[in-house]
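[1] Fold the following and give me the result.
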Amino acid sequence: MLVSAPSLRILVAVCASSLTLVFVSYEFDLLSIPFRSTSSSRVSQPVTVGVNAPPGSAAGSNDLSTAHDIPYNGEYDAAVIYLAQLSRLDSLVQSLSLMQQNIPWKRQWPIILFHTGDYDEVEEQQRLFDYMLDYPWSRGGALEVQKRIEFIRLDLSFPPGVSPDICVYKPEIFEDRWPGYHQMCHFFAQNIFYHPRITNLKYYMRLDTDSYILEPLCFDPIDRLRTTNRVYAWNERRDDAWWVTLGMWNFIDVYARRHPAVEQRLTKNAWPWPEGRDQWLKKEITYEGKGTIGVPGYMNNFEVVKIEAFKRPDVVEFIDEIMKDPGRIYSLRWGDGPIRATAVSMFFDLETEVQEVCEMEYWHQGRRKATCECIPDE
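    Have a look, this model is predicted:
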């Protein structure tokens, strides 16, 4: 079960047989951090915001109908990104508040709220801003964060061979969350690096709406990635379940055998192959992973990424190879977490190019305690 603000999610699929399938899931926030009802009774006051405008620019305006059309001027080379939904407004504001309180930003990076239509209307954008003013902020303040927010709609299309009709395509995994969940996996695994708002950046830090930085951190994660010349930062790593990575072990095995440099890098990075891998080719074994161990993955609800590193030709070739069969993501639900972890281990040195943010007290579907001392950057 996801840990987020109280909400009700309903997916209705109507097939040609007139059978209507309704999937319902309840999502509860387990954090003891107070939040207020979104049905605020106070009268909305004018809010000075600058959507799509750098803090301190002349773009601040009470007229939200034009603010989000202001072009990006290239001042920043990094951003914080979310994929936002109205149904998770409580948890989003909670996440933004804790992020602003607990990260000592070197620069007040733009905050990009990607969405799939939830924030198309100015009224919904204003609703978020009004709610932010009602929320208890202990430092930084809602107005400062509002000035950094950009609403950017994602028009998530389907790759060739994937019908938008669930009754035609019939995904094998997470049918009740199709297609939005699978499109999200595809977006963060591949398409984010080519989004027009991202391509002119050097770095992004991703958080989910139910990602909470619980205690003060002593450094800016984006700035640290830059100053240490790393390409990727993560907070937690675990195996993705076998039933959502079916066939992925075989795919990685075949790809590594065909690319000696990848095989060498995986060996250097101590990639944890399942037992008996040396026999797969000899005995023509198809190792799907069914009922056994899953593929290692980064829990990339928090990640910091050097964008150009993931647009290198060798990395792009690997992701493109996965997408030659879109069913790997859209039916079997290979997630962006294991895809990211596999790519990182295939193409980067884990010792010198990747860093663990072990200093962070963090919550996402459970608390992750800091496991090392936080030493401020000089």
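
[2] which strands and helices sit next to the strand or helix carrying residue 123?
    If you go by DSSP states H and E, residue 123 is part of helix 122-134. Using 3 or more Cβ pairs under 8 Å, 6 or more residues apart in numbering; DSSP states H and E as the contact criterion, the elements in contact with helix 122-134 are helix 64-67, helix 89-102, helix 142-146. Yep, even glycine has a C-beta here, placed from its N, CA and C like the rest.

[3] now the ones you listed in a markdown table, with distance to residue 254, mean pLDDT and mean neighbour count?
    A markdown table is the format used below for those (distance: least, Cβ to Cβ, whole Å; pLDDT from 0 to 100; neighbours: other Cβ atoms under 10 Å):
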| stretch | distance to residue 254 | mean pLDDT | mean neighbour count |
| --- | --- | --- | --- |
| helix 64-67 | 50 | 32 | 15 |
| helix 89-102 | 39 | 95 | 23 |
| helix 142-146 | 46 | 89 | 19 |
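
[4] Make CSV out of those and add distance to residue 219.
    Formatted as CSV, the entries for the helices and strands packed on helix 122-134 read as follows, by distance: least, Cβ to Cβ, whole Å:
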stretch, distance to residue 219
helix 64-67, 32
helix 89-102, 11
helix 142-146, 19
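
[5] Distance of residue 250 relative to residue 274?
    Shown here: residue 250 relative to residue 274, a distance of 10 Å by Cβ to Cβ, to the nearest Å.

[6] Same check on residue 84?
    In this structure, residue 84 and residue 274 are 38 Å apart, going by Cβ to Cβ.

[7] More neighbours: which of those two?
    residue 84 (26 against 14; other Cβ atoms under 10 Å).

[8] If the spatially closest residue to the more buried one that is not a sequence neighbour is in a bridge, with which residues?
    Counting by Cβ to Cβ, 6 or more residues apart in numbering, residue 84 lies nearest to residue 113, which is 4.3 Å off, once chain neighbours are set aside. In this structure, residue 113 has the following beta-bridge partners (DSSP bridges): residue 82, residue 151.

[9] distance of residue 113 from residue 366?
    Going from residue 113 to residue 366 by Cβ to Cβ gives 25 Å.

[10] Who has more neighbours out of the two?
    Regarding residue 113 and residue 366, a neighbour count based on other Cβ under 10 Å identifies residue 113 as having more, with 23 against 9.

[11] Pretty sure the more buried one sits against residue 82.
    Yes - in this structure residue 113 lies within contact range of residue 82 using Cβ atoms under 8 Å: 5.3 Å.

[12] list residues touching both of those two?
    Contact criterion Cβ atoms under 8 Å, 6 or more residues apart in numbering; residues shared by residue 113 and residue 82: residue 92.

[13] For residue 251, give me its contacts.
    Counted by Cβ under 8 Å, 6+ apart, residue 251 has contacts 322, 328.

[14] quick one: the host helix or strand of it to chain centroid distance?
    Assigning secondary structure by DSSP H and E places residue 251 in helix 248-258. Going by Cα atoms, centre = their mean, to the nearest Å, the spacing between the C-alpha centre of helix 248-258 and its chain's C-alpha centre is 25 Å.

[15] Tell me the first helix or strand C-terminal of that helix.
    The helix or strand immediately downstream of helix 248-258 is helix 260-268, counting by DSSP H and E.

[16] Counting by contacts, list what that next one packs against.
    Taking 3+ Cβ pairs under 8 Å, 6+ apart as the contact definition, the neighbouring helices and strands of helix 260-268 are helix 248-258, helix 313-323, helix 336-347.
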